[in-house]
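Visitor: Show me the folded form of this:
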Amino acid sequence: MDNDMKTHLEYHISQLMGERNVIIQRMERLRGQLAALDERIQAAGAFLRAEYGTANAGQTDLVTSIGELGEGGSLADAAEGVLASATGAMTISDLLSELALHGVHIRTRNARSALYTALLRAPRRFRKVGPATFALVPPQERDTGGERRFAGMGLTAASVAVLADADKAMHVRDIWDRLTAGGYSAKTQRPLAMLSGTLQKSPHFERVGKDTFQLRNEVEEGEGQQ
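Guide: Modelled structure (predicted):
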């Protein structure tokens, strides 16, 4: 009897493994199709920028969301959903794995960099607590009123938030005005020079004109906010 049960279980396991291999092969084919679509998206975006001088809207935050996280939504929204159900902070690798389990696929050449950038640019929602590791900012700490939004934040992180909200290039004077309106303060007699120097040195920003900056398309993983 025991031998019969053992034989039956071994046969059942072999069948399941066969089904698993078939699914893996299908997934590989789908990955190939997805990669081909990504190439077409990248090419179309490059043409759009070359011909019209505009970025491919959402190119680094293009996701397909299904399952428990719901249809649509941004990459930051999807990551927040995962972190909300987690017991603590998560690394970028763990977040990507969990997102994939929920059916969220990031359509970009470098998914890690896209996710890392999205989390860095939402400092009111996510907090970097270690190398490539993020946690949710507790709801009670999220200042949505605006008057003290940047109080206590680092200059780089606050500037990222200002430009992310504006979604366009800004002059350092305008950036500084929004920072101080949001409660940011610094002991300096030359605030604009300090801000300009910070923006020029940080990998988060690129200069597009005299004292005018915008956010870079993506930030390499490992570059934190000060």
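Visitor: how many neighbours does Val22 have?
Guide: 10 (other Cβ atoms under 10 Å). The C-beta positions use only the backbone N, C-alpha and C, and glycine is treated the same way.
Visitor: Quick check: mean pLDDT of the helix or strand containing it?
Guide: Per DSSP states H and E: Val22 is located in helix 2-52. In this model, helix 2-52 has a mean pLDDT of 76.
Visitor: Also stretch 114-121?
Guide: Mean predicted confidence for stretch 114-121 is 83.
Visitor: same deal with stretch 165-180?
Guide: 90.
Visitor: Ends of it, what's the gap?
Guide: 15 Å (Cα to Cα, to the nearest Å).
Visitor: Please point out which parts of that stretch sit buried.
Guide: Ala169, Met170, Val172, Ile175, Trp176, Arg178, Leu179 (16 or more other Cβ atoms under 10 Å).
Visitor: One more: stretch 93-105?
Guide: Leu95, Leu96, Glu98, Leu99, His102, Val104, His105.
Visitor: Tabulate the residues you listed in TSV, adding columns for pLDDT.
Guide: Below are the buried residues of stretch 93-105 laid out as TSV (pLDDT from 0 to 100):
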residue	pLDDT
Leu95	91
Leu96	89
Glu98	87
Leu99	86
His102	77
Val104	77
His105	73
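Visitor: List just the nearest of those residues to His204.
Guide: Using Cβ to Cβ, Leu95 comes nearest to His204 of the buried residues of stretch 93-105, at 20.0 Å.
Visitor: In what element of secondary structure is that closest one found?
Guide: Here Leu95 is assigned to helix 92-101, by DSSP H and E.
Visitor: so after that helix, what's the next helix or strand?
Guide: strand 105-106.
Visitor: tell me the secondary structure for Arg149?
Guide: coil (DSSP: H, G, I helix; E, B strand; the rest coil).
Visitor: give me the number of residues near the residue nearest to it when sequence neighbours are not counted?
Guide: Leaving aside its sequence neighbours, Arg149 sits nearest to Gly182 (Cβ to Cβ, 6 or more residues apart in numbering; 4.1 Å). Number of residues near Gly182 (other Cβ under 10 Å) recorded here: 20.
Visitor: Please look at Gly182 and Ala157 and confirm they touch.
Guide: No. Between Gly182 and Ala157 there is no contact under Cβ atoms under 8 Å: 11.7 Å.
Visitor: how much space is there between the spatially most central residue of the chain and Ile13?
Guide: Nearest residue to the geometric centre of the chain (Cα atoms, centre = their mean): Ala118, 2.3 Å. According to Cβ to Cβ, to the nearest Å, Ala118 and Ile13 sit 41 Å apart.
Visitor: now swap in His204 and tell me
Guide: From His204 to Ile13 the distance is 51 Å (Cβ to Cβ).
Visitor: same check, this time on Ile106
Guide: Ile106 is 34 Å from Ile13, by Cβ to Cβ.
Visitor: Compare the two (neighbour count), which wins?
Guide: Ile106 (23 against 10).
Visitor: Phe134 touches Phe126, doesn't it?
Guide: Yes. In terms of Cβ under 8 Å, Phe134 counts as a neighbour of Phe126; the distance is 4.9 Å.
Visitor: Mind listing the shared neighbours of these two?
Guide: With contacts defined as Cβ atoms under 8 Å, 6 or more residues apart in numbering, the residues shared by Phe134 and Phe126 are Ala79, Leu83, Leu119.
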